[in-house]
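>>> structure, please.
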Amino acid sequence: MKSIAKLSLLSAVAISLLGGCASTTPANTAPNSVAKVTAVPSLYDYQLLTPTGEPISIEELVAKHQDANVFMVGEFHAHPAVHLFQARLMAYIAAQDKPLALSMEQFTRADQAILSRYVKGEVGEITLTNKTKVWDNYKSDYRPLVEIARQQSLPVIAANAPRSIVKCIGRQGPQYLEKLPAQERKLVAKNIDISDSPYRQKFLSNMRGMTLSDERINQMFGAQMAWDATMAESIALHLEQNPQQRIFHIAGRFHIINGLGTGAELKKLKPDAKIVYISATMAEEQGSVSDYQLRISPLPKMWVNKDERSLVMSGHKRSKIECL
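Below is the predicted model:
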């Protein structure tokens with residue numbers, strides 16, 4: 001299959017079993033003929049495209065980038081098609097001759113020891129999920145990737161910075177890191193660069209209409225950069241210690257799309273890194289994305305009116321994290 005990976009919701013056999021309720025064969029069709037059944041598009045469907053919009057298969061993508069040492073997939077969190085694609089791509093890359101490591105936004109450096117013990121078979125999944133800040137959708141969306149790593153004895157990099165520290169950076173700015181004890185300070189990248197950049201401008205464009213002071217912008221962008229810089233540094237450190245390995249990194253697409261965020265920070269640390277970017281996209285974004293595109297259908301809307309939105313927002317509670 002060259003370009004489209006399909007999981008059909010209904011097969012021809014299943015539909016035929018419903019024949020007593022609704023026939024798929026017109027009355028004037030010969031009894032022995034078979035009606036054509038069109039697959040129902042689902043949220044598991046995706047199409048992989050080149051940066052210029054041509055269909056390409058996973059096999060062709062990997063073959064084209066044999067010299068790449070980092071593959072980054074920018075996801076929409078909890079989208080079934082994206083997570084299906086991630087598992088298929090990782091499994092295919094893991095089957096190649098070059099050794100592979102999985103890098104994840106979804107675990108932080110504070111989780112690394114437990115995560116490594118799980119991958120080595122030293123503890124069970126209950127310990128992994130109870131002793132780390134695992135995401136709520138781990139079992140449905142990220143477990144397949146970790147299990148590929150565990151079964152193939154591949155290292156898994158807990159790449160991100162702890163949310164508690166990032167939130168405090170968001171309140172006080174990057175200078176908050178100076179207050180941390182040495183062991184906690186190691187959980188975040190050494191350098192958090194909040195100077196002007198295309199990424200900063202992209203971040204600011206998402207706040208259009210908001211009135212914010214320069215100090216507040218620096219605090220908020222500092223929190224964003226703490227994520228990207230830490231993930232990039234985690235990947236760079238692993239490559240330095242394991243130069244023969246490839247890295248398969250997954251994160252929210254804002255961190256990855258068009259080579260900004262994590263990729264740009266990684267390039268600062270390792271200018272020679274050969275990175276392949278793959279970003280989840282919708283049809284209307286054609287022409288605005290320079291990465292390989294994982295074309296998918298949109299998820300259901302969270303709300304369709306102000307009352308629904310107010311209900312969702314009212315359920316958000318301010319963090320009780322206490323900063324130094």
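>>> give me the buried positions along stretch 193-203.
Within stretch 193-203, the residues scored as buried using 16 or more other C-beta atoms under 10 Å are 193, 194, 197, 199, 200, 203. For the C-beta atoms, the positions are set from N, CA and C on the backbone; glycine is no exception.
>>> please apply the same query to stretch 277-291.
Applying 16+ other C-beta under 10 Å to stretch 277-291 flags 277, 278, 279, 280, 281, 289, 291 as buried.
>>> need the contact list for residue 169.
Residues in contact with residue 169 (C-beta atoms under 8 Å, 6 or more residues apart in numbering) are 176, 177, 188, 192, 219, 222, 223, 226.
>>> determine which two of the residues you listed are furthest apart.
Farthest pair in those (C-beta to C-beta) is 188 and 219. Separation: 14.9 Å.
>>> so between the two, which is more surrounded?
residue 188 (25 against 21; other C-beta atoms under 10 Å).
>>> surely residue 192 meets residue 225?
Yes: between residue 192 and residue 225 there is a contact under C-beta atoms under 8 Å: 5.1 Å.
>>> those two: which has the busier surroundings?
residue 225 (28 against 24).
>>> from memory the more buried one sits against residue 191, does it?
No: assessed by C-beta under 8 Å, residue 225 is found out of contact with residue 191, at 9.3 Å.
>>> mind listing what's buried along stretch 130-138?
132, 134, 135, 138.
>>> residue 232: which of the residues you listed is nearest?
The closest of those, once distances to residue 232 are taken by C-beta to C-beta, is residue 135, at 20.3 Å.
>>> what sits against the closest one?
106, 141, 142.
>>> go again using 7 Å as the cut-off
106, 142 (C-beta atoms under 7 Å, 6 or more residues apart in numbering).
>>> pLDDT value on it, please?
If you check residue 135, the pLDDT there is 97.
>>> any idea which element it lies in?
Per DSSP states H and E, residue 135 falls between elements, in no helix or strand.
>>> repeat for residue 247
strand 246-252.
>>> same question, residue 144
helix 143-152.
>>> next, the angle from that helix to strand 246-252.
160 degrees (axes from the mean of the first three to the mean of the last three C-alpha atoms, to 10 degrees).
>>> show me the contact partners of helix 143-152.
With contacts defined as C-beta under 7 Å, 6+ apart, helix 143-152 is touched by 86, 87, 90, 91, 94, 102, 118, 119, 156.
>>> name the member of those with the most neighbours.
Result: residue 102 is most packed of these (other C-beta under 10 Å), 26 neighbours.
>>> strands along this structure, start to end?
Along the chain, counting by DSSP state E, strands occupy 4-5, 46-49, 70-75, 100-108, 156-160, 246-252, 275-281, 292-295.
>>> how about these in a markdown table, adding mean pLDDT and distance to residue 149?
As requested, these are exported to a markdown table (pLDDT from 0 to 100; distance: least, C-beta to C-beta, whole Å):
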| stretch | mean pLDDT | distance to residue 149 |
| --- | --- | --- |
| strand 4-5 | 40 | 22 |
| strand 46-49 | 97 | 22 |
| strand 70-75 | 98 | 14 |
| strand 100-108 | 98 | 5 |
| strand 156-160 | 98 | 5 |
| strand 246-252 | 98 | 9 |
| strand 275-281 | 98 | 19 |
| strand 292-295 | 98 | 21 |
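>>> can you tell me the centre-most residue of this structure?
residue 251 (3.1 Å; C-alpha atoms, centre = their mean).
>>> which residues sit in contact with the residue nearest to it when sequence neighbours are not counted?
Of all residues beyond its chain neighbours, the one nearest residue 251 is residue 105 (3.8 Å), with distances taken as C-beta to C-beta, 6 or more residues apart in numbering. Contact partners of residue 105, counting by C-beta under 7 Å, 6+ apart, are 159, 160, 231, 250, 251, 252, 255.
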